[in-house]
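1. What shape does this take:
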Amino acid sequence: MNAHLAATGSAYFLDTTKKEVETHTLAVIVDNEPGVLARVIGLFSGRGYNIDSLTVSETEHNKHVSRITIVTTGTPQVITQIIHQLDRMVPVHSVADLTVQGSSITRELAMVKVAGTGEKRVEALRLADAFRARVIDAGTTSFIFELTGKSDKVEQFISLMVPLGLVEVARTGVAGISRGPEGMKV
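-> Reported below is the predicted structural model:
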């Protein structure tokens, strides 16, 4: 008999295999009406699912629909469960797992404020140029850079700015879209 089963008297702990946690980007088309975002977030919080990134915007004004892009983590079983539960919600028109589709593009926008003078200021500008970050505000003692790219690129840029005088970061969260001629159904 399994030692844990003998100790606890329960068979629920027999599965000792470690479940692989994955990060997935989900695109959700919903009605653009009050309370829809709260219902979607409520689904996540009510079941203990985590949201790593969330972006929302109206995408088709004449159809009154919005696109919610959610980056979440979980086991494959949990991700499948999230998708099925989202798909059953009344204001949801369609759900796409951009991670599974494979041919998708995701980007994030960040504004990064760095304060410094002298050599640190020069190094911040050099790194910004290497990352293709634009200076959107400059003063004698600080810069604000605008950077667009994959989340890992944004993370790397931010971490390089820490020793150079990072002051503040504002990020949009991930936006994603699948490649090819097809779009999500409304």
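
2. in the chain, which spans are strands?
-> For the chain, the strands defined by DSSP state E cover 22-31, 50-60, 65-74, 92-97, 104-115, 134-138, 142-149, 166-178.

3. can you redo the ones you listed as a markdown table with distance to Glu155 and mean pLDDT?
-> Where you see a C-beta, it was placed from the backbone N, CA and C, and this is true even at glycine. Formatted as a markdown table, the strands of the chain follow (distance: least, Cβ to Cβ, whole Å; pLDDT from 0 to 100):
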| stretch | distance to Glu155 | mean pLDDT |
| --- | --- | --- |
| strand 22-31 | 13 | 95 |
| strand 50-60 | 12 | 93 |
| strand 65-74 | 13 | 95 |
| strand 92-97 | 22 | 95 |
| strand 104-115 | 9 | 96 |
| strand 134-138 | 18 | 97 |
| strand 142-149 | 10 | 97 |
| strand 166-178 | 10 | 96 |
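
4. and Ala27, how many neighbours?
-> By the criterion of other Cβ atoms under 10 Å, Ala27 has 22 neighbours.

5. From Leu125, how far out is it?
-> Look at Ala27 and Leu125: by Cβ to Cβ, to the nearest Å, they are 36 Å apart.

6. now do Gln81
-> From Gln81 to Leu125 the distance is 47 Å (Cβ to Cβ).

7. out of those two, which sits in the more crowded spot?
-> Applying other Cβ under 10 Å to Gln81 and Leu125 shows that Leu125 carries more neighbours, namely 18 against 14.
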